[in-house]
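1. after the sequence you'll find the predicted model.
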Amino acid sequence: DIAIRYGGGKYPGLEVRHLLPESVQVVCGPQLLSGEHPLKNPAALRHHTLLHDDNPEQDPTCPDWRMWLKAAGIADVDWTRGPRFNQSSLVLEAAMSGRGVALAKSTLARADLAAGRLVNPFGGRAPVEFAYYVVVPPAKAKLPKVVMFRDWLIAEAKATEAAA
């Protein structure tokens, strides 16, 4: 009756409501902020493993390490090195355990950042075009249970964004 989709927001044949925007930020486990090569600035990335999120989403605005390092003015870090994961949750787990530094979707990393399991060592986020949407087939859109659940989802998303 109802679904949440991550993408560009164009879903023919469905009623679509925007739920949450998305952005990407650098994250790592707090243990990488100290030690032999603490992550105090982007240049320190040359001493750390880069974790790659190769999930199948095709958002051309979502930065990869090549794009992020170029934007940060870092030219001497091999952006291709490091393990690749096909699920965002695996990237976050690797970052939390201190295995490296990741570019993470802010919405997915929010709870781990709030709990201190992840940190954003350099601050800032880069917005991306893809976002989260609530989609409903038109034939189901006016069902009271669907309307109630959709409205609750949207209210929860707004409250989450306001708290972030």
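-> Good, I have the coordinates.
2. can you tell me the helix or strand for residue 145?
-> Using DSSP states H and E, residue 145 falls within helix 144-163.
3. mean confidence for that helix?
-> Regarding helix 144-163, the rounded mean pLDDT is 92.
4. got the contact list for it?
-> Applying C-beta atoms under 8 Å, 6 or more residues apart in numbering, the external contacts of helix 144-163 come out as 1-2, 4, 17, 19-21, 110, 132, 134, 136, 140-141. For every residue, glycine as well, the C-beta is placed using N, CA and C.
5. what subset of those residues is buried?
-> Buried by 16 or more other C-beta atoms under 10 Å: 2, 19, 20, 110, 132, 134, 136, 141, out of these.
6. residue nearest the centroid of the chain?
-> Nearest to the mean C-alpha position of the chain, counting by C-alpha atoms, centre = their mean, stands residue 105 at 0.5 Å.
7. which residue is the nearest non-sequential neighbour of it?
-> residue 22 (5.6 Å; C-beta to C-beta, 6 or more residues apart in numbering).
8. isn't that neighbour up against residue 128?
-> Yes - with contacts counted by C-beta atoms under 8 Å, residue 22 reaches residue 128, the gap being 5.2 Å.
9. shared neighbours of those two, anything?
-> With C-beta under 8 Å, 6+ apart as the test, residue 22 and residue 128 both reach residue 105.
10. mind jotting down where the helices sit in the protein?
-> Assigned by DSSP state H, the helices in the chain fall at 65-71, 88-96, 106-114, 144-163.
11. that's all I had, so thanks and see you.
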